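# Below are the sequence and a predicted model; questions follow.
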Amino acid sequence: MTQDELKQAVARAAIDYVVDGEIIGVGTGSTANFFIDELAKIKDRIKGTVASSEATAARLRGHGIPVFDLNEVESMAVYIDGADEITNSGAMIKGGGAALTREKIVASVAKKFVCIADGSKLVDTLGKFPLPVEVIPMARACVMRQLAALGGEPRLRVKAGTQDAYITDNGGEIIDVVGLSITDPVALEEQINQIVGVIAVGLFAKAGANVCLLGTGEGVKTLTF
Ligand SMILES: O=C(CO)[C@H](O)[C@H](O)COP(=O)(O)O
């Protein structure tokens, strides 16, 4: 199976976690996009969604699925999203698609985080994938110095084909930290959260996934944490 077929398989499997009549939190990225396309087939069963990015909101609306502002929502049954890396204990690196801050906010309201990922995302130790950190633009340089002191190599994410900083839906910039071996993800998440100027770090460790639907050649495996 191709990587896209594995992503489609987990997106289909995630429909079992959709709770009828409820609001569903929806992530960002190619796997989340496959999930949105599956959700569209059963859209009449749900009350609506909360989106973790403008791109996701546009895709949901394109399918005629209601998208609520998070401020209008008191509870959410489940949040369904991809990951760049996930461990056997449910800790994740996210933010390859630059939506980490809204993903973390929406996930924090949901009762359950269901991660959907192809098998290549399962790792023993986080950090091979560069760790995204969203920052306030004026704090870029001082945050980068503090991230370098943690042992990684911070790089400013730029818009494809330019030297210009990539700007997120929140007006922030993204620093990708290369070369970390993250043996204590909870401690590192707390440490980076303490740096003034950081909006959010793409480590989802303190509140990681509750379930991971992992696409493999032998079918979809369900990991619970
Ligand atoms: O965190 C994310 C976006 O900010 C995505 O979930 C992550 O990058 C995985 O993307 P994909 O499903 O395209 O592999």
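The structure has been received and is ready for your questions.
# Walk me through the domains of this structure.
Here the domain parsing of the chain from automatic domain parsing is 3-122+206-224, 131-201.
# of these, which approaches the ligand most closely?
Between the ligand and these, the shortest gap by CB to the nearest ligand atom is with domain 3-122+206-224, which sits at 2.9 Å. Just so you know, the C-beta spots here come from the backbone N, C-alpha and C atoms, and that holds for glycine as well.
# and that closest one, average pLDDT?
Per-residue pLDDT over domain 3-122+206-224 has a mean of 97.
# What of stretch 139-147?
The predicted confidence, averaged over stretch 139-147, sits at 98.
# For it, buried residues please.
139, 140, 143, 144, 146, 147 (16 or more other CB atoms under 10 Å).
# just checking, the first one touches residue 197?
Translated: residue 139. Yes: Residue 139 sits in contact with residue 197 when judged by CB atoms under 8 Å, with a separation of 2.5 Å.
# what are the ranges of the strands in this protein?
Along the chain, the segments classed as strands by DSSP state E run 23-26, 48-51, 78-81, 85-86, 92-93, 113-118, 131-135, 153-156, 173-178, 198-201, 203-204, 211-216, 219-224.
# want to throw those into CSV with distance to residue 16 and mean neighbour count?
Output for these, formatted as CSV (distance: least, CB to CB, whole Å; neighbours: other CB atoms under 10 Å):
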stretch, distance to residue 16, mean neighbour count
strand 23-26, 13, 26
strand 48-51, 17, 24
strand 78-81, 10, 27
strand 85-86, 19, 24
strand 92-93, 21, 28
strand 113-118, 9, 26
strand 131-135, 30, 27
strand 153-156, 39, 16
strand 173-178, 33, 22
strand 198-201, 29, 23
strand 203-204, 22, 30
strand 211-216, 9, 22
strand 219-224, 10, 14
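# The spatially most central residue of the chain: what's its closest spatial neighbour, skipping adjacent residues?
The centroid of the chain falls nearest to residue 94 when counting by CA atoms, centre = their mean (4.4 Å). The spatial neighbour of residue 94 that comes closest, neighbours along the chain excluded (CB to CB, 6 or more residues apart in numbering), is residue 202 at 4.9 Å.
# what's the burial count for the one you found?
30 (other CB atoms under 10 Å).
# from what I can see it touches residue 129, true?
No: between residue 202 and residue 129 there is no contact, the gap being 9.1 Å when judged by CB under 8 Å.
# Show me whatever sits in contact with both of the two.
Among the neighbours of residue 202, those also in contact with residue 129 (CB atoms under 8 Å, 6 or more residues apart in numbering) are 84, 93.
# For this protein, list the residues in contact with the ligand, please.
Within reach of the ligand by CB under 6 Å from any ligand atom, the chain has these residues: 27-31, 81-84, 94-100, 103.
# try 8 Å this time
Proximity of the chain to the ligand, by CB under 8 Å from any ligand atom, involves residues 7, 27-33, 52-53, 81-84, 94-100, 103, 116-118, 121, 132, 202.
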